[in-house]
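Q: The following block contains a protein sequence and its predicted model.
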Amino acid sequence: MIGKTPDKIAAIRPLKHAGIANLMATEMIARDIIKRLDKQYNIGKPEVIINVHVGITDLEKRAVLKLVSDTGVRRVCLIEEPLSAAIGAGLDIYTPEASMVVDLGSGVTETAVISLGKIVTSDSIKVSGDDFDQAIIDFVKKDMNIEIGKNAAERIKLSLVSTKPVIGKKLEIKGRNLITGFPKTTNVTAFQVYDTLRGLFDKILQMIKNTIERTPPELVSDIQKNGIVLTGGGACIDKMDVYLKENLKIPVRVAKRPLECVILGMIKIIEDDERFKKYV
């Protein structure tokens, strides 16, 4: 619905960049979800697990806990996204041997080194799928004098984005000519998209380097041996694992189900009461 609503209706995003952008809308959604589940499954006062970004502040935590507690739940557990992603990817995070995961989400990219079930070092950067979309929108507007929406930018991203320049690959797009105001059709090439986004790739790479530099040497040797696991939608970007491996000189692999790792990890936690208690 984004970009398609009439003047009297606003399509909003309650969550943005891994945080609450609209408190009232987020609370309405939470209440509606619990109400629907209670009607269908008679869940009463459920236990709830909430995924939060790794850099969440105490103030933000209190806001999230209050928001959900006010809906009448029994117990709330907050879990940092890299932890749930690592569990969902099948990593054994409870051993002394370190695991490293990079979650490239739609709102934020996060990385964490995990040992004994806890995050040892971590970092996050507000460079994500949404930023890729906006960069594509800005490029088409500035260089081609064509205005496109988020949906068109998403289609370009899914079809053309790669961490390596691709010659000859292109996609036809339609938008509004900023000079005439009329519809216009043109082609965007994969090389143009690569040139537009490579700065964002470099920012993600630098964040990972910074995290490794702050990691204890004993755990760095574990990472060198076990490699880095990529999760999230950004992990599906063409040759993202190759780009990071070549620049970090560390093995990098994409998780088996990268888009679902975070939710799969949350399911494992909610189904294991002992594990759940560790994060309450």
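A: Received, thanks. Numbering: from 1, shown residues only.
Q: Which of the three states applies to K39?
A: helix (DSSP: H, G, I helix; E, B strand; the rest coil).
Q: where's I173 relative to A153, distance?
A: Distance, I173 to A153, by C-beta to C-beta, to the nearest Å: 9 Å. (Glycine included, C-beta is placed from N, CA and C.)
Q: ugh, wrong one, M144
A: Counting by C-beta to C-beta - M144 and A153 are separated by 13 Å.
Q: Between the two, which has more neighbouring residues?
A: A153 (23 against 18; other C-beta atoms under 10 Å).
Q: Need the CA coordinates for the helix or strand hosting that one. CSV is fine.
A: Take DSSP states H and E as the rule and A153 turns out to sit in helix 150-160. Extracted C-alpha coordinates of helix 150-160, given in CSV (Å, rounded to 0.1, in the frame of the first residue of the first chain):
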residue,chain,number,x,y,z
LYS,A,150,9.8,1.7,-3.1
ASN,A,151,8.2,-1.3,-4.8
ALA,A,152,10.0,-0.6,-8.0
ALA,A,153,13.3,-0.1,-6.1
GLU,A,154,12.8,-3.4,-4.4
ARG,A,155,12.3,-5.1,-7.8
ILE,A,156,15.5,-3.6,-9.0
LYS,A,157,17.3,-4.7,-5.9
LEU,A,158,16.1,-8.3,-6.2
SER,A,159,17.0,-8.5,-9.9
LEU,A,160,20.2,-6.6,-10.2
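Q: Tell me where the stretch 151-280 of the chain has helices.
A: Taking DSSP state H, counting those that start in this stretch to define them, one finds helices in the stretch 151-280 of the chain at 190-213, 217-226, 240-248, 261-271, 273-279.
Q: Flag every buried residue along the longest one.
A: Of all the residues in helix 190-213, those buried under the rule 16 or more other C-beta atoms under 10 Å are 190-194, 196-197, 200-201, 204, 207-208, 211-212.
Q: Let's have those in CSV, adding pLDDT and distance to M28.
A: Formatted as CSV, these follow (pLDDT from 0 to 100; distance: C-beta to C-beta, whole Å):
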residue, pLDDT, distance to M28
A190, 94, 41
F191, 94, 44
Q192, 95, 40
V193, 95, 37
Y194, 95, 40
T196, 94, 36
L197, 95, 35
L200, 95, 33
F201, 95, 37
I204, 96, 33
M207, 96, 34
I208, 97, 37
T211, 96, 36
I212, 96, 41
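Q: Taking these together, which two end up most distant?
A: Q192 and I212 (31.9 Å; C-beta to C-beta).
Q: Could you report the separation of the residue lying closest to K278 once chain neighbours are set aside from E274?
A: Leaving out its chain neighbours, the residue that sits closest to K278 by C-beta to C-beta, 6 or more residues apart in numbering is G117, at 6.7 Å. Distance of G117 to E274, given as C-beta to C-beta: 11 Å.
Q: And those two? Which one has more around it.
A: Ranked by neighbour count (other C-beta under 10 Å), G117 and E274 place G117 first, with 15 against 6.
Q: mind pulling up the phi and psi values for the residue nearest the centre of the chain?
A: In the chain, the centroid-proximal residue (C-alpha atoms, centre = their mean) is G105; its distance is 1.1 Å. Note on G105: its backbone torsions stand at phi -90, psi -170 [degrees, to the nearest 10].
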